[in-house]
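K.L.:
the following comprises the amino acid sequence and a computationally predicted model.
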Amino acid sequence: MGRPAKFTQDQMLDAALAILGDGGPAAVTMAAVSARTGAPIGSLYHRFASRDLLLARLWLRCVESFREGFIAAMADDDVEAAALHTPRWCRANPAAAAALLLHRREDLAAQWPDQLGPELAEVNTSTADALDAYLARHPGADRQHLMFVLADVPYGAVRRHLLAGRTPPPELDALILTTCRAVLATG
């Protein structure tokens with residue numbers, strides 16, 4: 001029987017996230033994560049066969065954290081809550097928000113690990129499925145308008161704050177809502 005793990009996968013991913021925030025993708029090395037956590041480098045390689053796998057898992061964890069609330073809002077037919085999910089999630093998860101919104105997945109993992117193919121496919125389709133299901137329930141809704149208020153506006157509103165290393169302020173919510181209501185009223 002093996003001994004219990006001293007360091008969890010989440011602790012290692014948290015360390016990688018902190019390093020990413022401090023120094024960007026190039027700063028996230030197995031040695032840096034080992035030093036940050038105090039975990040032996042062998043423990044890292046036991047859980048993550050490569051740096052690419054570590055960063056890919058980190059990116060997937062950030063995406064999964066974000067999409068959960070977005071999908072729930074869309075399932076509740078609450079477009080406004082879905083639009084506000086982005087700034088609210090960014091305020092609650094600033095490091096993950098910076099990782100997700102400021103770095104493309106290609107910036108993080110040069111070679112996307114093959115074993116993550118099914119997980120990546122599921123991440124990509126689940127958000128699209130939530131939008132498609134909403135559109136099926138609301139035949140008069142326009143996809144282009146929805147994408148603008150659900151993705152373009154919230155992303156644009158938070159991005160400059162994240163780029164500056166600031167948490168998006170709560171005042172953005174009213175601006176996003178105003179835009180959302182105006183756009184949806186026109187189409």
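P.N.:
On my side now, so go ahead. Numbers count the residues shown, from 1 in each chain.
K.L.:
compute the number of surrounding residues for Ala72.
P.N.:
For Ala72, the count of nearby residues is 14 (other Cβ atoms under 10 Å). All C-beta spots, glycine's among them, are computed from the backbone N, C-alpha and C.
K.L.:
element containing it?
P.N.:
helix 51-75 (DSSP states H and E).
K.L.:
can you give me the angle the helix or strand containing Gly117 makes with helix 51-75?
P.N.:
Using DSSP H and E, Gly117 maps to helix 117-137. Interaxial angle of helix 117-137 relative to helix 51-75 (axes from the mean of the first three to the mean of the last three Cα atoms, to 10 degrees): 20 degrees.
K.L.:
element containing Phe7?
P.N.:
Using DSSP H and E, Phe7 sits within no helix or strand.
K.L.:
quick one, what contacts Ser126?
P.N.:
Arg67, Ile71 (Cβ atoms under 8 Å, 6 or more residues apart in numbering).
K.L.:
and the pLDDT at it?
P.N.:
In this model, Ser126 is scored at 87, pLDDT.
K.L.:
still on that earlier bit, which helices and strands does the helix or strand following the helix holding Ala72 pack with?
P.N.:
Using DSSP H and E, the helix or strand that directly follows helix 51-75 along the chain is helix 79-92. With contacts defined as 3 or more Cβ pairs under 8 Å, 6 or more residues apart in numbering; DSSP states H and E, helix 79-92 has these neighbours: helix 51-75, helix 94-102, helix 153-163, helix 171-186.
K.L.:
no more questions from me, cheers.
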